[in-house]
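Novice: would you be able to build a 3D model of this:
(one chain, ligands or ions: 1)
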Amino acid sequence: MQITVNNCKLIDVCTIDEKDRGILSFFEVGKHIDFPVKRIYWIYNVGKNIKRGGHAHKNTIQVLFCLQGNINIYIDDGVNNMNIVLDKPNQGLLISPMIWHDMKGFSRDTIILVFASEHYDANDYIRNYDEFLKLAGKKE
Ligand code: TYD
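Specialist: Reported below is the predicted structural model:
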């Protein structure tokens, strides 16, 4: 799938499928992901019809994996937007700074694993869409 939202991309990680022995997937920082990972978090046990996200980050780069179940991620750079379905444990979505994102369509068994470039900082969040557009230079 072609991603048309600024600097966001799908990352197909290295995967070793040994049939009955199972599948091993991995990425290496500096080889497949070019930012230092400072924080890892995961989201699970999300109820039906719940929407999460609803913000952009000023500086944080993130790569999201859906390890189990599926999820629909809306990404928006203030001009272009699209919906991405993540439903394979070996495909991640890189979300750049200054991308508005929402997550919905969780299944009860969905597990999201996220690798982030920065430590948690509440001041890195933009939670108002109009403010996001202004900071992104898309609105006066
Ligand atoms: P938030 O990023 O708003 O979750 P989502 O985007 O999935 O809706 O975070 C939810 C709460 O967890 C919020 O109070 C901040 C806190 N939090 C941390 O303390 N550390 C973290 O690394 C993250 C991602 C969130």
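Novice: helix/strand/coil for the closest residue to Ile50 other than its chain neighbours?
Specialist: Take Ile50 and drop its neighbours on the chain: the residue closest to it by CB to CB, 6 or more residues apart in numbering is Phe106, 6.2 Å away. Yep, even glycine has a C-beta here, placed from its N, CA and C like the rest. At Phe106, secondary structure determined by DSSP: H, G, I helix; E, B strand; the rest coil is coil.
Novice: same check on Gly92?
Specialist: At Gly92, secondary structure determined by three-state DSSP is strand.
Novice: look up how far the ligand lies from the residue nearest to Ile50.
Specialist: 10 Å (CB to the nearest ligand atom, to the nearest Å).
Novice: can you report how many residues neighbour that residue?
Specialist: 24 (other CB atoms under 10 Å).
Novice: tell me if I'm right that it and Gly53 touch.
Specialist: No. Using CB atoms under 8 Å, Phe106 makes no contact with Gly53, being 11.2 Å away.
Novice: beta-bridge partners for the residue nearest to the spatial centre of the chain, please?
Specialist: Residue closest to the average C-alpha location in the chain (CA atoms, centre = their mean): Leu64, at 3.7 Å. On the basis of DSSP bridges, Leu64 is bridged to Leu93, Val114.
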